[in-house]
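Colleague: Would you be able to build a 3D model of this:
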Amino acid sequence: MVIIGSSVQDGLRGMELTKIGVQEKQHRRERGEPQRTQGRKKKFMKVFDRRSLLVMGKLFVFLGIQQSLFGQSLIVGRDDVLRQLQLEGKIGGVSSLCARPFFADAAISTDSIYRLVDANTARVSGGKLIGGKYGKWEVLPLTWDNQFTSNHPYGWNQTDMIEARGLESVLGVGVFASMGVVSVQLNPEFAYAANTNFAHSVNYGASTKGAYHHFFPGQSSLRLNLGAVSLGVSTENIWWGPGMNNSLLMSNNAPGFLHLTLNSRKPLKTPIGSFEWQFVSGKLTEDTSVLLENKNLTTTYYNPLTYSGDGYSGPYNPAKKWRYFNGITVTYQPKWMPGLFLGVSRIAYAYNDSLRNGDPSFLKSYLPTIFGVFRQNYAYGLNLPAGSKRYKQMASVHFRYVFEKSHAELYGEYGWGDNQYNIRDFVLNVDHSRAFILGARKLMPLAKNRWLDWQFEMTQMSQAPSYLVRTAGNWYGYQGGYTNQSRIMGAGVGMGNNVQTFTVSWVEGFSRLGVKMERLEHDPDDYAVKWVDESVGFLGQRRFGKIMVSGEVQGVVSNGYLWMQGNSAFNLRCVIKGVYRF
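Modeller: Next comes the predicted model:
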């Protein structure tokens, strides 16, 4: 066996994974499954880095991650265990985890990987063969997420949930099947929200339309998997960038949208390092039954003047006024600097009725992210000549540096929400429309399989001081707004808002118990009165056989609520999530 890496730690980890392969062979024999050929076995044991990828690809865990024996994707928002095990040094650092959902081959069973999290884990595999040999299928975990806020909307990155007061619930379950190079994942989700009224003003909030319920395709996909590349159609959530609590361009704050995707399934090695990438095109829609996040919840429509949809062009039919989306992300891992990942992402969107304006070529109309970086190539905004393409563009660069031996990482993302007119404009006003995310995480070993997990992340969405001379407005506006189903697709913390989050947790296997402190400043650039939310919360997680339960209780004090002097409010937020593995 050849082990890549010169350190003793790498060698020990390689031997540990060899044991996992032996255990897997024994478990397949016990289940009566056919054994792998000797040639495949030699190929599998040849390269350690490839084994590390396969290990990560098996971690569906009871957190609801939907990756098991057969190589389906992992749900964004339930895949933190990958990052944790990477920092623990139990899996390799060959993947950046900056373009998710995560994809991988199937080679090591879930049973073996569970033992990396908890050595006492019993057998959990539930996959079955199709016709005895033609393919494989399995029932995906049943997931049930619930949130309650007592006074006014608070919280983000709760897929399918809306910004609302009261009880919200999302239920999901599905099935995965693969045959040859084709895979199908059907994982629909049903969302409900009491959506009760809350105290509001002319600047924030409005009367709601009552109880909300919606059926989503959820984390579903149809894919053609060819080696290291996957081509498919999907409604899965996407996350780009290294952030844990926020992402500037793509997160799971909004429901997944219908899209075509062409992406890598594992890092592609080259003489200068490895690359991961994803290219996406899709359709963004509005839901006029809920309040728009990028309008501070003041209306259900983006364009019309009034809450009811009158004015401007209205009332209008959002089903006919959808937005086309195109985006790309690429992450590079330099060969000479293990653990360092550098990336760039870019997105563009426009109303469907302007796609064929100007240059009628297909590439210029539907693939704007691979052409002209500056606004002079794709103008948008008011007072444009008739026939102009009105693409709104945003971009970011990111890094993630994993210090494997120290069980720590540093990461950041820096983006522009209003692309500059040309290269001169960029050089002279590099901070125009900027936003950024910075974070760090450190795992401190306590005892065997016990850790103290320290996390800090800050997200700055307010404008740079140069806005006093040239304002860029808040992110996620223009051209209908960067939303899907009326929820922001990027940083769910909100337009122009700043947040700092600190969490410390005790971790042992699947169990977790921690404290969370958070400070959220609402749009400080546009209002004289400061609205600041300060909160303390407690979080936990526990496994009970086939069931995993996690929860959080957070007390939030809103000072200057609604940007009104002396107006304070207390908000209790409770979250409980359950996953049942069949």
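Colleague: Report the buried residues of whatever helix or strand Phe176 lives in.
Modeller: Assessed by DSSP states H and E, Phe176 sits inside strand 175-179. Neighbour counts using 16 or more other C-beta atoms under 10 Å place Phe176, Ala177, Ser178 of strand 175-179 among the buried residues. Placement of C-beta: from N, CA and C, glycine included.
Colleague: packing partners for that strand?
Modeller: In terms of contacts (3 or more C-beta pairs under 8 Å, 6 or more residues apart in numbering; DSSP states H and E), strand 175-179 is packed against strand 135-139, strand 182-186.
Colleague: coming back round to it: out of the buried residues of strand 175-179, flag the one nearest to Asp418.
Modeller: For the buried residues of strand 175-179, the residue nearest Asp418 by C-beta to C-beta is Phe176; the value is 40.7 Å.
Colleague: Any idea what that closest one is bridged to?
Modeller: Beta-bridge pairing for Phe176 (DSSP bridges): Glu138, Gln185.
Colleague: confidence score at it?
Modeller: Confidence at Phe176, expressed as pLDDT, is 89.
Colleague: quick one: it from Ala191, how far?
Modeller: 21 Å (C-beta to C-beta, to the nearest Å).
Colleague: do Asp453 as well
Modeller: According to C-beta to C-beta, Asp453 and Ala191 sit 30 Å apart.
Colleague: who has more neighbours, the two?
Modeller: Neighbour totals were compared for Asp453 and Ala191, and Ala191 leads with 23 against 20 (other C-beta atoms under 10 Å).
Colleague: what ranges do the helices span in the protein?
Modeller: Here the chain has its helices, by DSSP state H, at 8-31, 38-44, 48-56, 80-88, 110-117, 362-366, 423-428.
Colleague: Quick one: mean pLDDT over the second one.
Modeller: Along helix 38-44, the predicted confidence averages to a pLDDT of 43.
Colleague: Repeat that for the last one.
Modeller: Mean per-residue pLDDT for helix 423-428: 72.
Colleague: Can we start the residue count at 449 from this point?
Modeller: Sure thing, new numbering starts at 449, so read that last one as helix 871-876.
Colleague: ok, and for that helix, which residues are buried?
Modeller: In helix 871-876, counting by 16+ other C-beta under 10 Å, buried: Asp873.
Colleague: separation between the one residue sitting closest to the centre of the chain and Arg1021?
Modeller: In the chain, the C-alpha nearest the mean C-alpha coordinate belongs to Trp687, at 3.0 Å (C-alpha atoms, centre = their mean). To Arg1021, Trp687 is 22 Å away according to C-beta to C-beta.
Colleague: right, and Ala702 touches Arg935 too?
Modeller: Yes: taking C-beta atoms under 8 Å as the definition, Ala702 is a contact partner of Arg935 at 3.6 Å.
Colleague: Spit out the residues that contact these two alike.
Modeller: Common contact partners of Ala702 and Arg935 (C-beta atoms under 8 Å, 6 or more residues apart in numbering): none.
Colleague: Count residues in the vicinity of Pro972, would you?
Modeller: Pro972 has 18 nearby residues by other C-beta under 10 Å.
Colleague: now Pro719
Modeller: If you count neighbours by other C-beta under 10 Å, Pro719 ends up with 5.
Colleague: what sits against the closest residue in space to it that isn't next to it in sequence?
Modeller: Distance criterion C-beta to C-beta, 6 or more residues apart in numbering; nearest residue to Pro719, sequence neighbours excluded, is Lys783 at 7.5 Å. Residues counted as contacts of Lys783 (C-beta under 8 Å, 6+ apart) are Pro719, Ile720, Gly721, Ser722.
Colleague: give me the low-pLDDT residue ranges for the stretch 549-698 of the chain?
Modeller: For the stretch 549-698 of the chain, residues meeting the criterion pLDDT under 70 lie at 551-562, 569-575, 577-581.
Colleague: how about the strands of it, start to end?
Modeller: With DSSP state E, counting those that start in this stretch as the criterion, the stretch 549-698 of the chain has strands at 576-578, 583-587, 590-597, 614-620, 623-627, 630-634, 637-641, 660-664, 669-674, 677-682, 687-688.
Colleague: now the ones you listed as JSON lines including distance to Ile818?
Modeller: Putting the strands of the stretch 549-698 of the chain into JSON lines (distance: least, C-beta to C-beta, whole Å) gives the following:
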{"stretch": "strand 576-578", "distance to Ile818": "39"}
{"stretch": "strand 583-587", "distance to Ile818": "35"}
{"stretch": "strand 590-597", "distance to Ile818": "36"}
{"stretch": "strand 614-620", "distance to Ile818": "34"}
{"stretch": "strand 623-627", "distance to Ile818": "31"}
{"stretch": "strand 630-634", "distance to Ile818": "27"}
{"stretch": "strand 637-641", "distance to Ile818": "32"}
{"stretch": "strand 660-664", "distance to Ile818": "30"}
{"stretch": "strand 669-674", "distance to Ile818": "22"}
{"stretch": "strand 677-682", "distance to Ile818": "17"}
{"stretch": "strand 687-688", "distance to Ile818": "16"}
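Colleague: wait, which of those is closest to Val778?
Modeller: strand 687-688 (10.1 Å).
Colleague: I'd like the distance from the closest one to the chain centre, please.
Modeller: The chain centre lies 5 Å from the centre of strand 687-688; the measure is C-alpha atoms, centre = their mean, to the nearest Å.
Colleague: Check which helices and strands that strand sits against.
Modeller: Strand 687-688 packs on strand 547-548, going by 3+ C-beta pairs under 8 Å, 6+ apart.
Colleague: which residues does the residue nearest to Lys657 when sequence neighbours are not counted contact?
Modeller: Once flanking residues are discounted, Lys657 sits nearest to Ser737: 5.5 Å by C-beta to C-beta, 6+ apart. Counting by C-beta under 8 Å, 6+ apart, Ser737 makes contact with Lys657, Tyr660, Thr748.
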